[in-house]
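> A structural model of the following input is requested.
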Amino acid sequence: MGNNTLIRATIIVLICLTLFTIVMMVMVGPNSIINQEKEKYNQTHVEERTEDKSNDNVVIVNNN
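Purely as a prediction, here's the structure:
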């Protein structure tokens, strides 16, 4: 492996790692696309979440 080949390989690996890091930050970061979609879903499906919580408070008494 020549000196030029090693330098090229190192540069290519660094570029790939940089691009991968940027893509992952956009997809999974704190202000990411996935988190924004989760928030939109939670805002539009409030009724379903409140129905689930109200059903948890039901007490059933058995008189045997």
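
> Which residues are in contact with Val26?
Contact analysis of Val26 by Cβ atoms under 8 Å, 6 or more residues apart in numbering lists 32-33. Bear in mind the C-beta positions are built from the backbone N, C-alpha and C, glycine included.

> same check, this time on the one 3 residues further on
Residues near Gly29 by Cβ under 8 Å, 6+ apart: Asn35.

> Could you check the pLDDT of it?
The model reports Gly29 with a pLDDT of 81.

> do Asn63 as well
73.

> What of Phe20?
For Phe20, the predicted pLDDT is 96.

> and it, how many residues sit next to it?
By other Cβ atoms under 10 Å, 10 other residues sit near Phe20.

> element containing it, please.
helix 3-28 (DSSP states H and E).

> now for the helix or strand following that helix, which elements pack on it?
On the C-terminal side of helix 3-28, the closest following helix or strand by DSSP H and E is helix 33-44. Helices and strands touching helix 33-44, by 3 or more Cβ pairs under 8 Å, 6 or more residues apart in numbering; DSSP states H and E, are helix 3-28.

> Distance from the helix it packs on to the middle of the chain?
22 Å (Cα atoms, centre = their mean, to the nearest Å).

> quick check: angle from it to helix 33-44?
Angle between the axes of helix 3-28 and helix 33-44 is 10 degrees (criterion: axes from the mean of the first three to the mean of the last three Cα atoms, to 10 degrees).

> In helix 3-28, which residues have enough neighbours to count as buried?
Residues of helix 3-28 classed as buried: none (neighbour count, 16 or more other Cβ atoms under 10 Å).

> where does this protein have low pLDDT?
When residues are selected by pLDDT under 70, those of the chain lie in 1-2, 47-60, 64.

> Can you report how many residues lie near Asn35?
Asn35, neighbours per other Cβ under 10 Å, totals 13.

> Leaving aside the residues adjacent along the chain, what's closest to it?
Nearest residue to Asn35, sequence neighbours excluded (Cβ to Cβ, 6 or more residues apart in numbering): Gly29, at 7.8 Å.

> What separation is there between that neighbour and Asn42?
From Gly29 over to Asn42 the distance is 18 Å, taken as Cβ to Cβ, to the nearest Å.

> Same check on Leu6?
Leu6 is 50 Å from Asn42, by Cβ to Cβ.
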